[in-house]
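Asker: Any chance you could fold what I've pasted below:
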Amino acid sequence: MNKIPVVIIDKEEENIKKISTLLKNVSDLEIIQSSTSLKDLEALLEEKMPSIVTIGPSYKVEDVEKILKSHSADLRFVKVVLLVKEISANLLKKAIKLNVHDVMEFPFTYSDLKESIRRVEDIYKEVLVEKSETSVEEKKHGKKGSKIIMVFSTKGGSGTSFIATNLAVDLASQNKKEVILFDLKYQFGDIALMLNLYPKHTIYDIVSVVDQLDYEMLNSFLTVHSSGVKVLPALIDPLQDEFISTKSTMKIVNILSKISDFIVIDAPPVFSDDVLSLLEKTDYLCMVTSMDVPNIKNLKISLQVLEQLKFPQEKMFLVLNRADSKVGITMDEIEKTIKKKINVGIPSNRIVPLTINKGTPVVTDSPRSAVSKSIHKLTRLLIVAGEKRRR
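Answerer: Predicted coordinates for the structure are as follows:
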């Protein structure tokens, strides 16, 4: 295995020299950079290169707090070891919340350092194995990777499941491509219900074999809808959610992305670990809101969070559900509030609950309806955006 890259960051050059001397005694490590600036930490996180970064002791946890919060998903690859002059209970609590890998007192002994580094090595090996498995699957099946589309709102009841379901079916119909619909709402997902499916398997069945998982095995767990869309349903028992780790979710998506053209993800209404990790792989994010103050407030806050996470604006599409509702708020007022244009407005129509209750997508049940036309518009926007990126 190649040596693990290490970056040392501290305000004082003398501390950097002392840390370098100790690290050079660990055979599996290679110091690739040292710096006195936290801008280099931010650059490493943006690059997502698997590495170890020591911070401190001159820098304190408060100095890196903002950077670590805005790059929380990237800490899966970049493991931060915080060096401090004294460890306290409050410091450890804060470090855990920030997903800091380890906290060590400085100066430290060689044995303490080695133990901390060994724990990072195990994680580093897992990341390399995961990348290697993904590469093998890609070569085996000749796929360059699918477009991942996440349908997301931080307010429940916004209609993300309805939009994700119809978008997936419409993508499959318009492009004749392989589309996978992933119900990430593990506890209370409704995708199977909306498509009138009775799946033999849910994601819970995959967890027990996730370490041996490959394309053929994963494909056997998917349920095929009459439209050709393959569905990975949510759990039947909400309590099973605790057995599904973010690592398992990411491995499943990594394999699916190599054997499909599109993955449409119906995301839960929260910035969970799964959502944050998947945002790193998301090609297009459909942010959904509706014509009420709580939804608009949540959308505005979500957009601010996404800006802090540095999610690219060009990869984001805003969808206003029930856009023609007469509730004392106009689309123009919403756009002024969030300071962004709404890309697609989906009108209210009694056909929506009717098709949901029938378990039939509106784009196939009533393809000429105003609701279906708005879904078609969103589909076309995503397809055109994908074609522009390939040029």
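Asker: For the most centrally placed residue in the chain, which residues are in contact?
Answerer: The residue lying closest to the centre of the chain (C-alpha atoms, centre = their mean) is L278, at 1.5 Å. Residues near L278 by C-beta atoms under 8 Å, 6 or more residues apart in numbering: I148, M150, L184, T249, M250, V253, I265, A267. Glycine gets a C-beta too; all of them are placed from N, C-alpha and C.
Asker: and which of the residues you listed is nearest to F243?
Answerer: Checking these against F243 with C-beta to C-beta, the nearest one is T249 at 11.7 Å.
Asker: Surely the closest one is in contact with S277?
Answerer: Yes - between T249 and S277 there is a contact under C-beta atoms under 8 Å: 7.3 Å.
Asker: And the helices in the stretch 201-350 of the chain?
Answerer: 203-207, 215-221, 246-256, 273-279, 293-308, 331-338 (DSSP state H, counting those that start in this stretch).
Asker: Make a markdown table from the ones you listed and add distance to I52 to it.
Answerer: Converted to a markdown table, the helices of the stretch 201-350 of the chain look like this (distance: least, C-beta to C-beta, whole Å):
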| stretch | distance to I52 |
| --- | --- |
| helix 203-207 | 29 |
| helix 215-221 | 32 |
| helix 246-256 | 19 |
| helix 273-279 | 20 |
| helix 293-308 | 25 |
| helix 331-338 | 39 |
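Asker: any chance of those in CSV, plus distance to I87 and mean pLDDT?
Answerer: Formatted as CSV, those follow (distance: least, C-beta to C-beta, whole Å; pLDDT from 0 to 100):
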stretch, distance to I87, mean pLDDT
helix 203-207, 35, 86
helix 215-221, 43, 84
helix 246-256, 27, 89
helix 273-279, 26, 91
helix 293-308, 28, 90
helix 331-338, 43, 89
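Asker: Figure out which of these is closest to N175.
Answerer: Ranking these by proximity to N175 (C-beta to C-beta) places helix 246-256 first, at 17.1 Å.
Asker: what's the closest one in contact with?
Answerer: 126, 130, 133-134, 137, 146, 148, 180, 182, 184, 203, 206-207, 210, 213-215, 218, 232, 263, 265, 273-274, 277-278, 281.
Asker: for the stretch 1-150 of the chain, what spans make up the helices?
Answerer: Using DSSP H, counting those that start in this stretch, helices in the stretch 1-150 of the chain cover 13-23, 39-47, 61-70, 89-97, 110-141.
Asker: for the first one, the distance to its chain's centre please.
Answerer: This points to helix 13-23. 36 Å (C-alpha atoms, centre = their mean, to the nearest Å).
Asker: which secondary structure elements does it contact?
Answerer: strand 4-9, strand 29-35, helix 110-141 (3 or more C-beta pairs under 8 Å, 6 or more residues apart in numbering; DSSP states H and E).
Asker: try 7 Å
Answerer: The contact analysis (3 or more C-beta pairs under 7 Å, 6 or more residues apart in numbering; DSSP states H and E) places helix 13-23 against strand 4-9, strand 29-35.
Asker: What about K24, how many residues nearby?
Answerer: 12 (other C-beta atoms under 10 Å).
Asker: ok, back up a step: can you tell me which of the helices of the stretch 201-350 of the chain comes nearest to T36?
Answerer: helix 293-308 (24.8 Å).
Asker: So in this structure, where's the weakest helix or strand by average pLDDT?
Answerer: helix 110-141 (a mean of 60; mean pLDDT, DSSP states H and E).
Asker: so I149 sits right up against Y284, yeah?
Answerer: Yes - counting by C-beta atoms under 7 Å, Y284 is a contact partner of I149 at 4.8 Å.
Asker: okay, those two: which has more neighbours?
Answerer: Higher neighbour count among I149 and Y284: I149, with 26 against 22, using other C-beta under 10 Å.
Asker: List the beta-bridge partners for the more buried one.
Answerer: Beta bridges link I149 to V264, Y284, judged by DSSP bridges.
Asker: OK, contacts around it?
Answerer: F262, V264, I265, D283, Y284, C286, L382 (C-beta atoms under 7 Å, 6 or more residues apart in numbering).
Asker: Could you measure from the first one over to E242?
Answerer: With distances defined as C-beta to C-beta, to the nearest Å, the gap from F262 to E242 amounts to 30 Å.
Asker: who's more crowded, those two?
Answerer: When F262 and E242 are compared for neighbours, F262 comes out ahead with 25 against 9, by other C-beta under 10 Å.
Asker: List the residues that contact the more buried one.
Answerer: Contacts of F262 (C-beta under 7 Å, 6+ apart): S146, K147, I149, L171, K177, V179.
Asker: tell me the pLDDT at the first one?
Answerer: The score at S146 is 82. That number is its pLDDT.
Asker: Can you verify my assumption that it contacts D261?
Answerer: Yes - checked against C-beta under 7 Å, the pair S146 and D261 is within contact range at 5.3 Å.
Asker: Between those two, tell me which one has more neighbours.
Answerer: Neighbours per residue (other C-beta under 10 Å) separate S146 from D261, with S146 holding more: 21 against 18.
Asker: Would you mind finding the most buried of the helices and strands packed on helix 13-23?
Answerer: strand 4-9 (a mean of 23; mean count of other C-beta atoms under 10 Å).
Asker: before we move on, the earlier item: I'd like the contacts of L278 written out as a markdown table, with neighbour count added.
Answerer: A markdown table is the format used below for these (neighbours: other C-beta atoms under 10 Å):
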| residue | neighbour count |
| --- | --- |
| I148 | 23 |
| M150 | 24 |
| L184 | 23 |
| T249 | 23 |
| M250 | 18 |
| V253 | 22 |
| I265 | 28 |
| A267 | 27 |
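Asker: Distance to V64 for those residues - can I get that in JSON lines?
Answerer: As requested, the contacts of L278 are exported to JSON lines (distance: C-beta to C-beta, whole Å):
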{"residue": "I148", "distance to V64": "30"}
{"residue": "M150", "distance to V64": "28"}
{"residue": "L184", "distance to V64": "30"}
{"residue": "T249", "distance to V64": "27"}
{"residue": "M250", "distance to V64": "25"}
{"residue": "V253", "distance to V64": "29"}
{"residue": "I265", "distance to V64": "31"}
{"residue": "A267", "distance to V64": "28"}
